[in-house]
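Asks: Test case, fold it:
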Amino acid sequence: MIKLTRGDEPAILKVNKQTWAQELKDEMDSGLSINQASSSKKYNHPDVKESLMRASFGKCMYCESKVRHVDHGEIEHIRPKSVFPQSVFEWENLGFVCSVCNNKKRDQFDTETPIVDPFVDDPSEHLVPFGPTFFPKPGSNRGQITLITVDLNRIDLVERRREKIGQLHTLLEKANRLPLTLKQAVEAEAQAFVASSEEYSGTAQAAFKAFAQNSK
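Replies: Numbering: from 1, shown residues only. Sure, this is the predicted structure:
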């Protein structure tokens with residue numbers, strides 16, 4: 001997980017959210033649950049989804065997997081819509097996630113110890129990557145809650161992160177064997193490989209830093 005910037009609220013949401021919120025309230029007042037209410041789905045507009053996807057570089061805001069590699073991705077309500085129906089259309093409550101993280105999280109949310117929100121929080125204050133595995137920062141209950149809630153160390157993620165670290169190591173080993181002019185080009189390639197827009201960049205950036213320190 002890395003720090004993200006949400007960006008500007010899409011016009012379609014800014015213009016319509018109050019109307020949509022009132023429509024949802026009216027439907028729920030009539031006895032419909034939030035899942036039965038047709039207006040509760042209006043947040044899932046293509047413009048909203050596209051804006052959220054760009055904000056997280058096309059990656060799940062939690063696990064950093066490139067979502068479109070496997071499915072269309074989903075809009076996440078950080079404060080679950082079933083518990084906080086008043087926040088269904090709030091831009092600050094929305095994110096882009098993979099279906100696995102979304103299904104893991106479901107309606108879980110602790111107002112006293114909330115899951116880390118990478119658009120608001122700096123994840124590095126709560127989560128620490130050691131190799132392909134994340135650990136809660138000592139003393140961070142929110143880090144622990146986040147790890148458990150979305151299962152950030154599930155087997156498939158750990159394997160993919162391990163592959164990422166191995167690829168980075170191969171690049172840096174290649175750079176060390178090359179003459180200076182070619183070495184700089186490969187080092188630039190390694191820098192691009194760990195950019196925030198890349199998959200599992202939180203893990204890769206920590207590994208890059210560790211490799212650099214140990215090569216001195």
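
Asks: Show me what counts as buried in the longest helix seen in the chain.
Replies: Ranked by residue count and defined by DSSP state H, the top helix of the chain is helix 155-176. Across helix 155-176, burial judged by 16 or more other CB atoms under 10 Å covers 157, 158, 160, 161, 164, 165, 168, 171, 172, 175. All C-beta atoms are positioned from the backbone trio N, CA, C, and that covers glycine.

Asks: And stretch 61-77, by the same measure?
Replies: Buried residues in stretch 61-77 (16+ other CB under 10 Å): 61, 62, 63, 64, 65, 66, 67, 73, 74, 75, 76, 77.

Asks: can I get the buried residues of helix 155-176 in JSON lines with distance to residue 142?
Replies: Shown next, in JSON lines, are the buried residues of helix 155-176 (distance: CB to CB, whole Å):
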{"residue": "157", "distance to residue 142": "19"}
{"residue": "158", "distance to residue 142": "21"}
{"residue": "160", "distance to residue 142": "24"}
{"residue": "161", "distance to residue 142": "21"}
{"residue": "164", "distance to residue 142": "25"}
{"residue": "165", "distance to residue 142": "26"}
{"residue": "168", "distance to residue 142": "28"}
{"residue": "171", "distance to residue 142": "34"}
{"residue": "172", "distance to residue 142": "33"}
{"residue": "175", "distance to residue 142": "37"}
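
Asks: what's the closest of those to residue 99?
Replies: residue 157 (13.9 Å; CB to CB).
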